[in-house]
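Enquirer: Structural data only, the sequence is not supplied:
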């Protein structure tokens, strides 16, 4: 371990500091770059010092998941309000958490830790759907539809899923042959495809989804 410069005052090593540093590394360098050695170097401590606070890397990733998903519990819901209002609140909480820690959220949602600590938000959502009168099967499908929509939207905003970013005419070249007769709608709506408003698009899509769910059969309340 490198010797600290004179006057270098660091915070005491705690589990919370290790978790926040881990999240910072994931957001900056990506999950593949994460290692206990790198975390220790970032904190200016020996690797073994980390194990006084977290037993192993799996336990550390569980702590990261718990921290990243903690914001979802802050979504305010009111049983007296329409179920769609409460669904919007939960979706907004997820969206805020994903925007704070996009890379960490992706890691959480695709790993074992997310399946463990994601159960609390799932329980809240299923409770909400049940109280709205949806039967168990429909509640589960509604939950999956919302999760798929939120994750898909996040991937699009992060650039993992792309829609055409250039006008059809810009795609022509010596090695590209575009028959515009085959894509009349893409050609006609090129400007709309190019100039998107991610937030407006997200909210419009969410309202479409909630409206469709609201029309499904439900138990009389």
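Expert: Right, received. Where do you want to start? Given the structure is predicted, the values throughout are model-derived calculations rather than measurements. Numbering: from 1, shown residues only.

Enquirer: hey, let's count contacts and neighbours off CA atoms from now on
Expert: OK.

Enquirer: where along the chain do the helices fall?
Expert: Using DSSP state H, the helices of the chain run over residues 15-29, 36-43, 47-50, 57-69, 83-100, 102-109, 112-117, 119-131, 136-157, 184-188, 190-194, 198-214.

Enquirer: which of the ones you listed has the lowest average pLDDT?
Expert: Across these, helix 112-117 has the smallest mean pLDDT, namely a mean of 67.

Enquirer: Next, the contact list for residue 140, please.
Expert: Going by CA atoms under 8 Å, 6 or more residues apart in numbering, residue 140 touches residue 126.

Enquirer: Can you tell me how far it is from residue 86?
Expert: Plainly put, residue 140 is 17 Å away from residue 86 if you go by CA to CA, to the nearest Å.

Enquirer: Residue 53 now?
Expert: According to CA to CA, residue 53 stands 37 Å off from residue 86.

Enquirer: what's the answer for residue 150, then?
Expert: Distance of residue 150 to residue 86, given as CA to CA: 15 Å.

Enquirer: Give me the pLDDT for residue 134.
Expert: According to the prediction, residue 134 has pLDDT 96.

Enquirer: surely it meets residue 217?
Expert: Yes - counting by CA atoms under 8 Å, residue 134 does reach residue 217; the two are 7.3 Å apart.

Enquirer: Show me how the record splits the chain into domains.
Expert: 15-54, 69-159+180-214 (automatic domain parsing).

Enquirer: can you give me the end-to-end distance of the first one?
Expert: The separation between the terminal residues of domain 15-54, taken as CA to CA, is 7 Å.

Enquirer: What residues sit buried inside it?
Expert: Residues 15, 18-19, 21-27, 31, 36, 39-40, 43, 45, 47, 50, 54 are the ones in domain 15-54 that count as buried (16 or more other CA atoms under 10 Å).
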